[in-house]
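Undergrad: Provided below are the primary sequence and the corresponding predicted coordinates.
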Amino acid sequence: MDGKCCTCRAPVNIAVIKYWGKRDEKLILPVNSSLSATLGMDELHAKTSVAASSQFKDDRIWLNGKEESVSNPRIQNVLKEIRRRYAQKGDGDSAVMKVHICSENNFPTAAGLASSAAGYACMVYTLARLYGVDGELSEVARQGSGSACRSVYGGFVLWEKGQRSDGTDSLAKQIAPADHWPALRILILVVSDQKKQVGSTEGMQTTVATSELMQRRIEVVPQHTEQMIKAIKDRDFETFARITMQESNQFHAVCLDTYPPVFYLTDTSRLIIQMVHAYNTMCEKTRVAYTFDAGPNACLYLMEEDVARVVGLVNHFFPPGSDTSENFVRGRPVTLLEQPSQEELAHFQIPRSESAIKYMIHTKVGSGPEELNEEESLLTSSGLPKNLL
Ligand SMILES: Nc1ncnc2c1ncn2[C@@H]1O[C@H](COP(=O)(O)OP(=O)(O)OP(=O)(O)O)[C@@H](O)[C@H]1O
Ligand SMILES: C[C@@](O)(CCOP(=O)(O)OP(=O)(O)O)CC(=O)O
């Protein structure tokens, strides 16, 4: 095969100030700014290989081993924008070459775990590397999926909503690097790894069209964002945690105020919320925060010193079923303490639910996308996927 190939990986991000609602569907411009932490790539990432060759007849894409339609308007937006930027540079002829894109996520796709964020950030970053395109990549990633613009950077990332109608000021920027808050940890509690019923794109459209509460939300987000930036800069966990939980709750309240309502939380999600509040009450201090995206899976932000205790409580209240063969706790190692004591358990008025949580992923704040070695390529030398379903 003539031409060239490039392979990269990109991280997931989980918002603490939620993006929900667009003012421009085509350019993906949000109604409010949002803020997230980028998660560690060793635990969660999208990996993408892109090959360009004059021998390819069409642009093609494979996602998790299955060919998907490349005519998807979001993929087209991203391809067009990268090729436009490449043409502006005015060197070489790769712009006319067709590309083969192959991507895999090492975590559930379309289950409310920000797969579209990692996926589009990775596609854009890999295409940009392949074509040698520089410049602001968050603007391109945003046109694949809004939340993807935040996965272009590591650490803590703000997506400023911008004012202009062409979207040139609707960009992501890092507010603190990955190593800013070394003791902060993240636990993802996977309640379901199935594709969700109402996608974020559709859900937020209906919210903007029907929710009255959404107007109130737009008014309060700037305050939340300002306080959140300060809490992150000061490493003030209590404020960080409180706003994170209030934001998650307000986002799901707005979903319930959507007509017809959109439900992402399940009974298990609500038990997790109760467990976190009971834990904080028991500690007489806010030590754990939850946040839920458009799905039932919880993302807990907490300090390193609380991880073993919280994992112990999750194990107690949501024990794995006897059929669970794989590790219940994945990612960074956790040294399990003893089971919670009877005295501790007395603080929790929640029932035990076996198998309600499938597994946990333990991670921390991580860095932005990176290029990988040739041996990591997902494509063969003839530009076809190595792993096909
Ligand atoms: N690695 C990837 N490469 C390219 N596109 C991807 C990749 N992973 C996911 N996607 C795209 O993102 C879609 C899933 O997006 P969706 O918003 O429904 O779920 P999610 O991102 O997992 O959840 P949320 O954004 O609510 O947290 C997939 O159907 C696919 O089109
Ligand atoms: C709940 C969220 O995760 C919504 C993410 O929505 P998407 O970025 O997936 O939506 P589109 O821009 O339509 O692709 C909140 C967030 O990540 O800020």
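TA: Noted; the coordinates are in hand. Ligands and ions are numbered 1, 2, ... in the order given.

Undergrad: hey, let's count contacts and neighbours off CA atoms from now on
TA: OK.

Undergrad: With adjacent residues omitted, what lies nearest to Ser54?
TA: Met97 (5.1 Å; CA to CA, 6 or more residues apart in numbering).

Undergrad: got a list of what the one you found touches?
TA: Ala52, Ser53, Ser54, Phe56 (CA atoms under 8 Å, 6 or more residues apart in numbering).

Undergrad: could you redo the last one with a cut-off of 6 Å?
TA: Ala52, Ser53, Ser54 (CA atoms under 6 Å, 6 or more residues apart in numbering).

Undergrad: Quick check: the last one vs Arg84, distance?
TA: According to CA to CA, to the nearest Å, Ser54 stands 18 Å off from Arg84.

Undergrad: Averaged pLDDT, stretch 234-243. What do you get?
TA: Average pLDDT, stretch 234-243: 98.

Undergrad: Alpha carbons only: can I get it in CSV?
TA: The C-alpha trace of stretch 234-243 is given here as CSV (Å, rounded to 0.1, in the frame of the first residue of the first chain):
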residue,chain,number,x,y,z
ASP,A,234,-7.6,25.6,45.2
ARG,A,235,-8.0,21.8,45.4
ASP,A,236,-11.0,22.4,47.5
PHE,A,237,-12.7,19.0,47.5
GLU,A,238,-15.8,19.9,49.5
THR,A,239,-16.9,22.7,47.0
PHE,A,240,-15.8,20.6,44.0
ALA,A,241,-17.9,17.7,45.3
ARG,A,242,-21.0,19.7,46.2
ILE,A,243,-21.2,21.5,42.8
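
Undergrad: Would you mind pulling the contact partners of it?
TA: Outside stretch 234-243, the residues touching it (CA under 6 Å, 6+ apart) are Met228, Ala231, Thr286, Ala289.

Undergrad: Equivalent analysis for stretch 321-331, please.
TA: Contacts for stretch 321-331 (CA under 6 Å, 6+ apart): Glu43, Glu354, Ser355, Tyr359, Met360, Ile361, His362.

Undergrad: and if we set it to 10 Å?
TA: 40, 42-44, 187-189, 311, 315, 319-320, 353-364 (CA atoms under 10 Å, 6 or more residues apart in numbering).

Undergrad: List the buried residues in stretch 39-50.
TA: For stretch 39-50, the neighbour count (16 or more other CA atoms under 10 Å) marks Leu39, Gly40, Met41, Glu43, Leu44, His45, Ala46, Lys47, Thr48, Ser49, Val50 as buried.

Undergrad: So the last one belongs to a strand, correct?
TA: Yes: per DSSP: H, G, I helix; E, B strand; the rest coil, Val50 lies within a strand segment.

Undergrad: Would you report the backbone torsion angles of the closest residue to it other than its chain neighbours?
TA: In space, and not counting its chain neighbours, Val50 is closest to Ile101: 4.5 Å by CA to CA, 6+ apart. Backbone torsions of Ile101, given as degrees, to the nearest 10, read phi -110, psi 130.

Undergrad: Over to Val310?
TA: Residue torsions, per degrees, to the nearest 10, at Val310 are phi -70, psi -40.

Undergrad: sorry, back to before: tell me the contacts of the residue nearest to Val50?
TA: Listed by CA under 10 Å, 6+ apart, the contact partners of Ile101 are 5-7, 48-52, 59-63, 67, 70, 123, 126-127, 378-379, 383-385.

Undergrad: Where strands are concerned, which of those count?
TA: Mapping those onto strands (DSSP state E) picks out 5-7, 48-52, 60-63, 67.

Undergrad: Can I get those residues in TSV including pLDDT?
TA: Output for the ones in strands among the contacts of Ile101, formatted as TSV (pLDDT from 0 to 100):
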residue	pLDDT
Cys5	96
Cys6	97
Thr7	98
Thr48	98
Ser49	98
Val50	98
Ala51	97
Ala52	95
Arg60	98
Ile61	98
Trp62	98
Leu63	97
Glu67	97
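
Undergrad: which parts of the stretch 101-250 of the chain sit against ligand 2?
TA: Ala114, Ser116, Ser145, Gly146, Ser147, Ser200, Thr201 (CA under 6 Å from any ligand atom).

Undergrad: coming back round to it: and the gap between the residue nearest to Ser54 and ligand 2?
TA: 27 Å (CA to the nearest ligand atom, to the nearest Å).

Undergrad: nearest spatial neighbour of Thr38, skipping sequence neighbours?
TA: Per CA to CA, 6+ apart, closest to Thr38 is Asn13, 4.2 Å.

Undergrad: How many neighbouring residues does that neighbour have?
TA: 33 (other CA atoms under 10 Å).

Undergrad: isn't it right next to Ser36, touching?
TA: Yes: counting by CA atoms under 10 Å, Ser36 is a contact partner of Asn13 at 6.0 Å.

Undergrad: Next, show the common contact partners of the two.
TA: Ser147, Arg150, Ser151, Gly154, Gly155, Phe156, Val157.

Undergrad: host element of Glu247?
TA: helix 237-256 (DSSP states H and E).

Undergrad: Just the buried residues of that helix, please?
TA: Those would be 237, 239-256, for helix 237-256 by 16+ other CA under 10 Å.

Undergrad: Show the average pLDDT along the very next helix or strand once past it.
TA: The helix or strand immediately downstream of helix 237-256 is helix 267-283, counting by DSSP H and E. What helix 267-283 shows for mean pLDDT is 98.
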